[in-house]
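have a look at this fold, sequence not included:
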């Protein structure tokens with residue numbers, strides 16, 4: 001309920017404040033340190049795991065970083081919003097693991113302010129560069145995993161109709177020392193956030209359970225609209241990167257108006273909505289059954305396409321579903 005309320009409060013700013021204030025809206029939702037549970041059952045350990053060195057990260061020589069940091073353990077599908085007036089999904093996250101004995105706080109401190117610039121590349125082309133980031137630490141099978149959240153001002157190139165395959169990440173330190181790490185499956189999707197009062201208010205923000213390969217699981221996304229141009233005959237389509245379809249399959253998708261959530265929204269936003277907005281308010285929940293086809297951990301932000309207000313729109317979750 002805490003996560004749900006937090007997301008709804010973010011939506012208050014998005015739906016009922018002027019566009020001139022959009023630059024001050026920040027997406028403060030962080031990946032939880034409990035995103036992926038510890039698992040002491042050695043029979044379930046996969047090739048994701050490698051022996052942990054007893055050395056501390058701060059004791060490593062800089063040329064040794066490439067031997068202890070890896071970013072190819074996970075499959076990542078994330079999004080970037082090209083609407084300059086909206087701060088939602090203006091960051092891009094890199095997920096990886098560090099094979100040292102550091103506790104989470106020590107690793108957090110070691111990675112923070114470590115790099116002066118982080119560059120994402122697709123082949124030989126630079127997709128984006130960032131000189132500002134923050135660090136989250138989570139646990140994967142009892143080992144330290146990290147999320148580097150990059151603040152991104154702009155992309156060097158993109159096509160909103162296609163996902164960009166990020167093939168490597170270049171890390172540069174203050175002393176100009178740099179090293180590059182290859183990714184496994186890292187896809188960057190592009191969309192433009194529409195100011196049409198149709199927004200996601202709830203999406204999966206953490207693991208449901210550790211999903212095994214070839215297993216199905218159900219999750220949901222909820223959005224609201226106060227747009228008077230409500231299209232009762234709209235359809236919903238979830239788009240996955242084509243190269244990700246070997247790892248994730250959508251078994252089924254259905255959606256319907258959610259009266260229970262609508263009552264919650266009405267209560268929370270009672271003093272924020274005009275009478276007309278209250279009359280136009282509708283809350284819809286999308287239920288999706290996914291099938292996991294890979295034995296690797298997946299961080300997924302899908303493009304959710306719909307036409308609820310008379311315009312073709314992409315709704316985008318703020319945080320990834322992790323499974």
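That came through fine. Here the structure is a predicted model, which means the values were calculated and not measured. Numbering: from 1, shown residues only.

show me where the stretch 51-200 of the chain has helices.
65-68, 104-111 (DSSP state H, counting those that start in this stretch).

so what's the residue count around the residue nearest to residue 276 when sequence neighbours are not counted?
Leaving aside its chain neighbours, residue 276 sits nearest to residue 228 (7.4 Å; criterion: C-beta to C-beta, 6 or more residues apart in numbering). Every residue, glycine included, has its C-beta placed from N, CA and C. Residue 228: 11 surrounding residues under other C-beta atoms under 10 Å.

over to residue 320?
Count around residue 320 with other C-beta under 10 Å applied: 24.

thinking again about what came up before, what's the closest of the helices of the stretch 51-200 of the chain to residue 89?
helix 104-111 (22.6 Å; C-beta to C-beta).

what's the closest one in contact with?
33, 56-58, 98, 100, 102, 135-137, 139, 144, 146, 148 (C-beta atoms under 8 Å, 6 or more residues apart in numbering).

any weak-confidence spans in the stretch 101-250 of the chain?
Scanning the stretch 101-250 of the chain with the threshold set as pLDDT under 70 gives 140-142, 205-209.

how does it look with 80?
For the stretch 101-250 of the chain, the stretches flagged by pLDDT under 80 are 139-144, 202-210.

tell me where the stretch 1-150 of the chain has strands.
69-70, 75-81, 91-98, 115-122, 125-130, 133-140, 143-151 (DSSP state E, counting those that start in this stretch).

just how off-centre is the third one within its chain?
Right, strand 91-98. 10 Å (C-alpha atoms, centre = their mean, to the nearest Å).

looking at the chain, which residue ends up farthest from its center?
residue 275 (34.1 Å; C-alpha atoms, centre = their mean).

what's near enough to touch that one?
Counted by C-beta under 8 Å, 6+ apart, residue 275 has zero contacts.

and it, backbone torsions?
For residue 275, the backbone dihedrals (degrees, to the nearest 10) come out as phi -60, psi -40.

so residue 265 lies in a helix, does it not?
Yes: when DSSP: H, G, I helix; E, B strand; the rest coil is applied, residue 265 is found to be in a helix.

distance check, it against residue 250.
Using C-beta to C-beta, to the nearest Å, residue 265 is found at 27 Å from residue 250.

neighbour-wise, which of those two wins?
Legend: neighbour count by other C-beta under 10 Å for residue 265 and residue 250, higher for residue 265 (23 against 15).

gap between the more buried one and residue 297?
Distance from residue 265 to residue 297, by C-beta to C-beta: 32 Å.

minimum distance to residue 170: which of the strands of the stretch 1-150 of the chain has it?
Taking these one by one with C-beta to C-beta, strand 115-122 is closest: 4.1 Å.

what residues of the closest one count as buried?
Within strand 115-122, the residues that count as buried by 16 or more other C-beta atoms under 10 Å are 115, 117-122.

stretch 247-254 now?
247-248.

what are the ranges of the helices in the stretch 201-323 of the chain?
259-268, 275-280.

give me the distance from the longest one to the chain's centre.
Read that as helix 259-268. With C-alpha atoms, centre = their mean, you get 25 Å for helix 259-268.

try stretch 154-171
On C-alpha atoms, centre = their mean, the centre of stretch 154-171 falls 15 Å from the chain's centre.

circling back to that earlier point, so of the helices of the stretch 51-200 of the chain, which one's packed in deepest?
helix 104-111 (a mean of 17; mean count of other C-beta atoms under 10 Å).

which phi and psi does the residue nearest to residue 276 have?
phi -70, psi -20.
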